[in-house]
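A.B. asks: build me a model:
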Amino acid sequence: MRGTFCASGMMDVAGTALRVDLSGALVWDEQRLLVVSDLHLEKGSSYASRGTLLPPFDTVATLNRLTAVIAHYNPRIVIALGDSFHDRDAHTRLTGDDRACIANLQVGRDWVWITGNHDPAPRGIGGELADAVTLGAVTFRHEPSGARGEIAGHLHPKARVATRARTLERRCFVCDGERAVMPAFGAYAGGLSVRDAAFAKLFPKRAFIAHVLGDGRLHSIAAARCY
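C.D. replies: Numbering: from 1, shown residues only. As a prediction, the model looks like this:
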């Protein structure tokens with residue numbers, strides 16, 4: 001299969017057409033729904049508290065990207081697909097400006113925080129908490145089970161692919177038409193290779209497409225071409 005290249009593309013999950021955005025967000029145009037996964041806000045401050053110093057700019061960078069994608073699509077619903085905060089106390093370390101940014105993003109729209117393994121119950125930041133959200137044939141949750149119609153995060157997929165000019169390794173969406181795993185949106189979130197056994201359990205035949213976030217273009221690549 002040859003790769004296709006664009007700034008956004010479409011993928012189908014259980015008969016539902018969804019827009020894959022180069023930012024790492026997923027958009028359901030019909031529902032005016034925008035989904036982001038694994039923001040891991042305040043990861044830098046979490047590491048600093050344990051003696052590993054990272055530049056303390058991850059939250060600002062992530063929120064700036066989130067602000068831009070929300071401004072572009074103007075969704076009526078936003079779902080943050082779990083691990084929005086790096087640890088259970090991370091929301092208490094947000095600066096006043098960061099809290100104001102999140103509050104502004106929530107104005108005029110429904111906002112759902114899906115609980116993740118890093119952030120089981122963030123409080124006092126607006127929006128609603130849920131373990132999962134089901135709309136039509138699609139269920140949004142944090143940890144993937146492999147169920148039909150499921151869109152999950154947690155695994156932070158990335159793929160290494162060869163283009164005409166070079167080899168690149170980037171975050172990606174993984175989808176086989178029945179289920180999908182989203183990339184991490186957070187600035188400091190790492191990635192797990194789509195060749196890892198964790199993905200083999202969800203996609204036994206490896207008959208999936210990796211929608212790779214490239215430099216200004218989305219690369220939709222068959223699993224067999226990822227390494």
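A.B. asks: show me where pLDDT drops low in the protein?
C.D. replies: Within the chain, the stretches with pLDDT under 70 are 1-6, 44, 46-55, 120-121.
A.B. asks: need the helices for it, in chain order.
C.D. replies: Taking DSSP state H, the helices of the chain run over residues 43-49, 58-73, 96-106, 197-202.
A.B. asks: mind checking those for the one nearest to residue 171?
C.D. replies: For residue 171, the closest of the helices of the chain is helix 58-73, at 12.3 Å, according to C-beta to C-beta. Heads up, the C-betas are built off the backbone N, CA and C, glycines and all.
A.B. asks: how far off centre is the closest one?
C.D. replies: 13 Å (C-alpha atoms, centre = their mean, to the nearest Å).
A.B. asks: other SSEs contacting it?
C.D. replies: The contact analysis (3 or more C-beta pairs under 8 Å, 6 or more residues apart in numbering; DSSP states H and E) places helix 58-73 against strand 33-36, helix 43-49, helix 96-106.
A.B. asks: try 7 Å
C.D. replies: In terms of contacts (3 or more C-beta pairs under 7 Å, 6 or more residues apart in numbering; DSSP states H and E), helix 58-73 is packed against strand 33-36, helix 96-106.
A.B. asks: that older thread, residue 165: which of the helices of the chain is closest?
C.D. replies: helix 58-73 (25.3 Å).
A.B. asks: tilt between the closest one and helix 96-106?
C.D. replies: If you take axes from the mean of the first three to the mean of the last three C-alpha atoms, to 10 degrees, helix 58-73 sits at 20 degrees to helix 96-106.
A.B. asks: contact partners of helix 58-73?
C.D. replies: For helix 58-73, contacts defined as C-beta atoms under 7 Å, 6 or more residues apart in numbering pick out 21, 23, 25, 27, 34, 36, 39, 41-44, 78, 94, 98, 101, 105, 185-188.
A.B. asks: over to stretch 191-207?
C.D. replies: Applying C-beta under 7 Å, 6+ apart, the set of residues contacting stretch 191-207 is 144, 146, 155-159, 171-172, 174, 176, 179, 181, 184, 210, 223, 226-227.
A.B. asks: mind listing what's buried in stretch 103-123?
C.D. replies: 105, 109, 111, 112, 113, 114, 115, 116, 118, 119, 122 (16 or more other C-beta atoms under 10 Å).
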